[in-house]
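**Q** What follows is a protein structure lacking sequence information:
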């Protein structure tokens, strides 16, 4: 075959692949926006679902998702930052402990999200919750059932690798000279971490937090068995209440509704809200990351 | 000659299997300037960093021998490295102020030592900046970022920052190598002032700088201490041929 022809074919195939991907993304966005935009208004955002969830809004799902991601961040970020500090500052690069943690973090990152859901069900609800009830409430069921706390903790496990990786990356961009300056002044290692390393890593910690939040906000599988509810007529009042979530709401609307066709606009609009939420969070993370990279150079 | 402040006995250091310092022994007098010269990779910076145990931070370093400061071996196992580093300050080749205000840079050391009273901190900041001959240049922008200052000013901020913890010895690792001649002159002037109160040990690859600033000079080559003597002797009448070759620019 003629060389020029081969080049043309390769160029054609790669070009078509790129176009296909762009086409898919544009279609998703276009269909979601066209389908969801007319429905998207203040009433939709601020009302409870009505009439067997065929009318009304998604207010409890927005609040549920927000509260769940906040609790998740409060649990995952400190835990992730502490682990990252250990990996970057204390563990020797070649030590068995560091290698084991890194392997665990990588493995955690590739575990399918439904497995986290099952783990949460077994560990938080079946083990911790049940035992808490046994010890604190004389066996009365209070914590040994799905709720927003266990769902958030399960989601925190899922997002932990994201936090650890971003924070460790940021800690490693702090120049060695900065640590040496602090240590040479007689600072202890912990004082150096607290006053020099962590303040310098703040944008990495933020990036990790936002990536974790945007990942956690959209995931459904981990909260399926651990706290998400089909429909609730009230918002969660305490940590042992169940909650509604945007991702789960889309799933319910499209598969479990009494009248799936009637809920189509709600599905589109809910999807649009979720997409806008995760896209904007990701955009913030990209900007922060860009700033860290610039500093690293 | 003043009293001996630092006494080094048979100090050897290995990076892995690389023998970087070979049985160095020397006496460093108090309140004088001692300069270490030698070609790149000769071990002068490594040796400097053994004096406040900065090499402890590097993996795979083995150290053998003694470094006595005020007759106490700093490599004894019950030595508190944190206290040692308060006593032995260090200025680095690349100025490294923290990304904080001028004030917070200087107050960093006192604060980690538990001083939080504002009047005391104010006093320490002003005194340290004056000692480092930079007070007049920064007194109106104490709360601006230290990173907004010029390179020469940043290096003097670093010197002030180290003075704020009341060290007795100041180690300087090529403190002026990244600076222009005017800033260099200011640093050298400052070294001359500081030796009235502090023992100063400076690493430099600039032989004129060693000649101008130091009372004693030590030449290192390939991990060995070749010769150490009063600076004017080293530069006018060295005992070793190697020293003469180096200072006259025939190698290194």
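**A** Great, that's in hand. Being a predicted model, the structure only gives us computed values, none of them experimental.

**Q** Please, where are all the helices along the stretch 151-252 of chain B?
**A** For the stretch 151-252 of chain B, the helices defined by DSSP state H, counting those that start in this stretch occupy B:151-163, B:181-194, B:207-213, B:231-236, B:241-247.

**Q** and if you look at the stretch 151-297 of chain A?
**A** Under DSSP H, counting those that start in this stretch, the stretch 151-297 of chain A gives helices at A:176-184, A:189-192, A:198-200, A:202-218, A:221-224, A:246-255, A:264-296.

**Q** from the helices of the stretch 151-252 of chain B, which stretch is densest packed?
**A** For the helices of the stretch 151-252 of chain B, average neighbour numbers computed from mean count of other Cβ atoms under 10 Å in any protein chain shown are highest in helix B:151-163, which has a mean of 25. From N, CA and C alone the C-beta is placed, and that goes for glycine too.

**Q** who's in contact with it?
**A** Outside of helix B:151-163, the residues within contact range by Cβ atoms under 8 Å, 6 or more residues apart in numbering or on different chains are A:181, A:184-185, B:89-92, B:95-97, B:102, B:105-106, B:108-109, B:128-129, B:131-134, B:137-138, B:146-147, B:149, B:170, B:175-176, B:178-180, B:182-184, B:186-187, B:190, B:194.

**Q** Provide a list of residues in contact with residue A:234.
**A** Residues in contact with residue A:234 (Cβ under 8 Å, 6+ apart) are residue A:60.

**Q** out of the helices of the stretch 151-252 of chain B, nearest to residue A:84?
**A** For these, the distance to residue A:84 is smallest for helix B:151-163, at 27.7 Å, taking Cβ to Cβ.

**Q** between the closest one and helix B:181-194, how big is the angle?
**A** Going by axes from the mean of the first three to the mean of the last three Cα atoms, to 10 degrees, helix B:151-163 is angled at 20 degrees with respect to helix B:181-194.

**Q** related to what we said a few turns ago, out of the helices of the stretch 151-252 of chain B, which is closest to residue A:284?
**A** Ranking the helices of the stretch 151-252 of chain B by proximity to residue A:284 (Cβ to Cβ) places helix B:151-163 first, at 32.2 Å.

**Q** Run the angle between that closest one and helix A:176-184 for me.
**A** 30 degrees.

**Q** Now residue A:186: phi and psi?
**A** Torsion angles at residue A:186 (phi, psi; degrees, to the nearest 10) stand at phi 90, psi 20.

**Q** Tell me the spacing between it and residue A:93.
**A** The gap separating residue A:186 from residue A:93 is 26 Å, by Cβ to Cβ, to the nearest Å.

**Q** just residue B:128 next, same as before
**A** From residue B:128 over to residue A:93 the distance is 37 Å, taken as Cβ to Cβ.

**Q** Looking at residue A:186 and residue A:93, which has the bigger crowd around it?
**A** Remark: of residue A:186 and residue A:93, residue A:186 carries more neighbours, 24 against 10, as counted by other Cβ atoms under 10 Å in any protein chain shown.

**Q** what's the closest non-adjacent residue to the more buried one?
**A** What sits nearest to residue A:186 in space, not counting adjacent residues and going by Cβ to Cβ, 6 or more residues apart in numbering or on different chains, is residue B:86, at 3.4 Å.

**Q** Quick one: residues contacting the closest residue to chain B within the stretch 151-297 of chain A.
**A** As assessed by Cβ to the nearest Cβ, chain B sits closest to residue A:186 within the stretch 151-297 of chain A, at 3.4 Å. Contacts for residue A:186 were tallied using Cβ under 8 Å, 6+ apart; they are B:82, B:83, B:85, B:86, B:109, B:112, B:113, B:165.

**Q** Residue B:91 too?
**A** Contact analysis of residue B:91 by Cβ under 8 Å, 6+ apart lists B:155, B:158, B:159, B:162, B:170, B:171, B:172, B:173, B:175.

**Q** Please identify which pair of those lies farthest apart.
**A** B:155 and B:171, at 14.1 Å, using Cβ to Cβ across those.

**Q** burial count for residue A:171?
**A** Here the number of neighbours of residue A:171 (other Cβ under 10 Å) works out to 21.

**Q** per-residue pLDDT, residue 4?
**A** All of this is about chain A. Looking at residue A:4, its pLDDT reads 86.

**Q** Let me rephrase: I mean chain B.
**A** In this model, residue B:4 carries a pLDDT of 92.

**Q** again with the one 4 residues further on
**A** According to the predicted model, the pLDDT of residue B:8 comes to 95.

**Q** just the one 4 residues further on next, same as before
**A** Residue B:12 is assigned 95 on the pLDDT scale.

**Q** ok, it to residue B:223 distance?
**A** Relative to residue B:223, residue B:12 is positioned 9 Å away (Cβ to Cβ).

**Q** More neighbours: which of these two?
**A** Ranked by neighbour count (other Cβ under 10 Å), residue B:12 and residue B:223 place residue B:223 first, with 22 against 16.

**Q** residues in contact with the more buried one?
**A** With contact set as Cβ under 8 Å, 6+ apart, residue B:223 has these partners: B:19, B:20, B:21, B:22, B:42, B:43.

**Q** Report pLDDT for it.
**A** So residue B:223 comes in at 93 (pLDDT).

**Q** how about the one helix or strand residue A:134 maps to: buried residues?
**A** Following DSSP states H and E, one finds residue A:134 within helix A:130-136. Neighbour counts using 16 or more other Cβ atoms under 10 Å in any protein chain shown place A:130, A:133 of helix A:130-136 among the buried residues.

**Q** From the chain's centroid, how far away is it?
**A** Remark: helix A:130-136 is offset 29 Å from the chain centroid, using Cα atoms, centre = their mean, to the nearest Å.

**Q** Which neighbouring elements make contact with that helix?
**A** Of the remaining helices and strands, none touches helix A:130-136 by 3 or more Cβ pairs under 8 Å, 6 or more residues apart in numbering or on different chains; DSSP states H and E.

**Q** what sits up against that helix?
**A** Residues contacting helix A:130-136 (Cβ under 8 Å, 6+ apart): A:139, A:140, A:141, A:142, A:143, A:144.

**Q** Quickly note the distance from residue B:249 to chain A.
**A** Distance, residue B:249 to chain A, by Cβ to the nearest Cβ, to the nearest Å: 31 Å.

**Q** Same question for residue B:27, what's its three-state structure.
**A** Per DSSP: H, G, I helix; E, B strand; the rest coil, the secondary structure class of residue B:27 is strand.

**Q** For the nearest residue to it once chain neighbours are set aside, grab the count of nearby residues.
**A** Spatial nearest neighbour of residue B:27, chain neighbours left out: residue B:4 (4.7 Å); criterion: Cβ to Cβ, 6+ apart. By other Cβ under 10 Å, 15 other residues sit near residue B:4.
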